[in-house]
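In: Only the shape, not the letters, is given here:
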């Protein structure tokens, strides 16, 4: 490690090298009782021996070594920290190569990504690093050995699972049992699935509620909650959870498919580890009951209105409660009402309280966000600003990769020359072919490792270049669309927003009088007419001009309703506030609906054109927000 210390110290300056350690154990290792504590003792001992400063620890527990850095929680955070300026550490210490990864792809891309930003990797096992030729040779052997072990374990495991699925009745292949079943002989190679009578009783009860009583799944869920019947987790049922459990293939068809549609497949579409297997299970419901349950659930499902509106911002709005908003709408008496509603406002669990987050007027929000995006797109300067790539090792420096490939090519040429020299020397000494083969075996192994490494680097460079090409292509339609952004239909807007990875984070609620997300109905009426709003409450003289146009009412109720409507139009306040401040009753909103329906309100306003009028006030329909995206 002395070379690593010297090189790193030269790069880092006179200060003591700062080291972090990265620890990882797989789920299988956890089951066997191994944790990161043992690895931590090894890395801490090495850091102390080298007299480095230990500045942090990153650890992933229960994480596969086949995953790349960007797909592991703490390893991704390590890479994010390595990108910072000034860099917080100089060396990453791992207990052995398998912690980095059991696949060469995961191993080398991580090591190279750190190399490119000037961070070294030190391995406790055999005490080596990646700053010398000898250390690199050990690292190559370590990576090859780890991948060979991983492939052997996986092939043996997958072969055993295939055999079990084909030969064992109702075989349990892994994971939790489907709802309605339990695992018999759990923990043994001969484990299989049998009916769980307690859960089967719940399934049959749901069958009776839906088929016998005609309830839909939501009402059946409410019934289960009321009866104190919980899901397997011990929590209250939700409608979606009940549907997924009761309407599953194991319950309705008494079958599990091993290596089904989600099985890993090769380039020809064939399963990599074996053919699909239908695993027959004991039946909880008869075939006739299953057919009837399917029919009844379809019959009692809430019918679709058949009307669909586009909501390009669905899933892109993060509410104050942390959940996302999605679009919904309906036809009202005055046209289409469209909103974005927080998922917490319509919980799947009937017993769960609403989060109370504001609904947002869809038209106002989409117009605001699209104006923001259009302003950026209109600036070619902003469009050309580079954006940060994915943190981790999925992105790489093309120049560094090209240099690495050139260096590997030189090493491969040197190795070929060495092998040729050994063969010539052995031939001159008239050695048998077996001796020549033995003499070159080690060199050929090293050559194969270098060639594999070169292929991996070339593949990564190709991916990087393809990614850059796609990025250049994707920005072209944005340039072309600059002039027509504001005229784009919602479907095209949604496509552009997806490309920009747009995210809207709400930092406050919708203003109090508009928290329901519903535009003011009085304001909406005035915006569609040429009438203004009286600037002050009506005088007795004004009232005498319009009274004959209205019903008489009792105790001044009608006059107070007129005053409340005009007050609401002038101030933009809610019905509740307008009624309270004018002394009107709840009849005011009902009067307004009736009078606009039969055109009475138009005649009233036409009779008041002589009074002083004011324009509609500006109303805030939107909450404060942060709009983020990448171009």
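Out: Everything's here; your move. All of these numbers come straight from a predicted model, not from anything done at the bench.

In: can you map out the strands along the stretch 351-500 of the chain?
Out: Applying DSSP state E, counting those that start in this stretch to the stretch 351-500 of the chain gives strands spanning 360-361.

In: For it, just list every one of the helices.
Out: 362-377, 380-383, 398-428, 433-481, 490-499 (DSSP state H, counting those that start in this stretch).

In: Show me how far the third one is from its chain's centre.
Out: Translated: helix 398-428. 45 Å (C-alpha atoms, centre = their mean, to the nearest Å).

In: buried stuff in that helix?
Out: 400-401, 404-405, 408, 411-412, 415, 419, 423, 426 (16 or more other C-beta atoms under 10 Å). Every C-beta, even on glycine, is put in place using the N, C-alpha and C of the backbone.

In: Output the contacting helices and strands for it.
Out: helix 104-116, helix 433-481 (3 or more C-beta pairs under 8 Å, 6 or more residues apart in numbering; DSSP states H and E).

In: secondary structure class for residue 555?
Out: Assigned with DSSP: H, G, I helix; E, B strand; the rest coil, residue 555 falls in the coil class.

In: Give me the neighbour count for it.
Out: Using other C-beta atoms under 10 Å, residue 555 has 8 other residues around it.

In: what's the distance between it and residue 587?
Out: Applying C-beta to C-beta, to the nearest Å, the value for residue 555 to residue 587 is 11 Å.

In: residues contacting the closest residue to residue 583 other than its chain neighbours?
Out: Of all residues not flanking residue 583 in the chain, residue 560 sits nearest, at 5.7 Å (C-beta to C-beta, 6 or more residues apart in numbering). By C-beta atoms under 8 Å, 6 or more residues apart in numbering, residue 560 lies in contact with 582-585, 588.

In: Would you write a ChimeraX line that selects the buried entries of those residues?
Out: Command for ChimeraX that selects the buried part of these, burial taken from 16+ other C-beta under 10 Å:
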select :582,584,588
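
In: circling back: which of the helices and strands packed on helix 398-428 has the highest mean neighbour count?
Out: Most buried of these, by mean neighbour count (mean count of other C-beta atoms under 10 Å): helix 104-116, with a mean of 21.

In: After it, which helix or strand is next? Please name it.
Out: Of the helices and strands lying after helix 104-116 in sequence (DSSP states H and E), the nearest is strand 120-123.

In: Neighbouring strands - and their directions - for that following strand?
Out: strand 91-94 (parallel), strand 128-129 (antiparallel) (DSSP bridges).

In: out of the helices and strands packed on helix 398-428, nearest to residue 36?
Out: helix 104-116 (17.9 Å; C-beta to C-beta).

In: And the average pLDDT for the closest one is what?
Out: Taken as a whole, helix 104-116 has a mean pLDDT of 72.

In: what angle sits between that helix and helix 398-428?
Out: Computed by axes from the mean of the first three to the mean of the last three C-alpha atoms, to 10 degrees, the angle separating helix 104-116 from helix 398-428 equals 120 degrees.

In: Minimum distance to residue 508: which of the helices of the stretch 351-500 of the chain has it?
Out: Residue 508 lies closest to helix 362-377 among the helices of the stretch 351-500 of the chain, at 14.1 Å (C-beta to C-beta).

In: buried ones in that closest one?
Out: For helix 362-377, by 16+ other C-beta under 10 Å, it's 362, 364-366, 368-370, 373-374, 376-377.

In: Make a markdown table out of those residues and add distance to residue 92.
Out: What follows is those, written out as a markdown table (distance: C-beta to C-beta, whole Å):
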| residue | distance to residue 92 |
| --- | --- |
| 362 | 48 |
| 364 | 50 |
| 365 | 45 |
| 366 | 46 |
| 368 | 45 |
| 369 | 41 |
| 370 | 44 |
| 373 | 40 |
| 374 | 44 |
| 376 | 38 |
| 377 | 41 |
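
In: CSV for these, including distance to residue 174 and pLDDT?
Out: Listed next are those as CSV, based on distance: C-beta to C-beta, whole Å; pLDDT from 0 to 100:
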residue, distance to residue 174, pLDDT
362, 45, 86
364, 50, 84
365, 45, 88
366, 46, 87
368, 49, 87
369, 45, 87
370, 48, 82
373, 46, 79
374, 51, 74
376, 48, 69
377, 49, 63
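
In: Which of these lies at the shortest distance from residue 127?
Out: The closest of the buried residues of helix 362-377, once distances to residue 127 are taken by C-beta to C-beta, is residue 376, at 52.5 Å.

In: picking up where we left off before, looking at the helices of the stretch 351-500 of the chain, which is closest to residue 325?
Out: helix 362-377 (9.0 Å).

In: which residues touch the nearest residue to residue 411 once chain neighbours are set aside?
Out: With C-beta to C-beta, 6+ apart as the criterion, residue 411 has its nearest non-adjacent residue at 5.4 Å, and that residue is residue 450. Residue 450 makes contact with 140, 408, 411-412, 415, according to C-beta under 8 Å, 6+ apart.

In: Ok, residue 317 next?
Out: The contact partners of residue 317, by C-beta under 8 Å, 6+ apart, come to 324-325, 340, 360, 365, 504, 506.

In: now residue 77
Out: Counting by C-beta under 8 Å, 6+ apart, the residues that residue 77 touches are residue 58.

In: For it, give me phi and psi.
Out: Phi and psi for residue 77, reported as degrees, to the nearest 10, are phi -70, psi -40.

In: quick one: it and residue 217, what's the gap?
Out: Applying C-beta to C-beta to residue 77 and residue 217 gives a distance of 41 Å.

In: Tell me how many other residues surround residue 321.
Out: By other C-beta under 10 Å, neighbour count at residue 321 equals 15.

In: just the strands paired with strand 120-123: most buried one?
Out: strand 91-94 (a mean of 24).

In: Touching it from outside, list them.
Out: 4, 8, 17-23, 43, 46-47, 52, 78, 100, 114, 119-124.

In: cool, and stretch 178-187?
Out: 172, 177, 191-196, 199-200, 203, 232, 245-246, 248, 250-251, 256, 281, 284.

In: Stretch 598-613 too?
Out: Contacts of stretch 598-613 (C-beta under 8 Å, 6+ apart): 525, 529, 531-536, 538, 542, 545-546, 549-550, 562, 565, 592, 594-596.

In: what does the model give residue 91 for pLDDT?
Out: At residue 91, pLDDT is 90.

In: Bridged to it, which residues?
Out: Following DSSP bridges, residue 91 is listed with bridge partners residue 19, residue 120.

In: what about it, distance to residue 114?
Out: 9 Å.

In: Find residues that contact each of those two.
Out: 120-121.

In: Could you list the low-pLDDT ranges of the stretch 151-300 of the chain?
Out: Scanning the stretch 151-300 of the chain for pLDDT under 70 picks out the ranges 151-161, 260-274.

In: Do a quick rundown of the strands in it.
Out: Listed in chain order, the strands of the stretch 151-300 of the chain (DSSP E, counting those that start in this stretch) span 181-184, 192-195, 255-258, 277-280.

In: Using CSV, lay out those together with distance to residue 433 and mean neighbour count.
Out: Formatted as CSV, those follow (distance: least, C-beta to C-beta, whole Å; neighbours: other C-beta atoms under 10 Å):
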stretch, distance to residue 433, mean neighbour count
strand 181-184, 57, 18
strand 192-195, 55, 18
strand 255-258, 48, 18
strand 277-280, 47, 16
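
In: Could you turn the buried ones of the contacts of stretch 178-187 into a ChimeraX selection?
Out: What follows is the ChimeraX syntax for the buried subset of the contacts of stretch 178-187, where burial is set by 16+ other C-beta under 10 Å:
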select :172,177,191,192,193,195,196,199,200,203,245,246,250,251,256,281,284
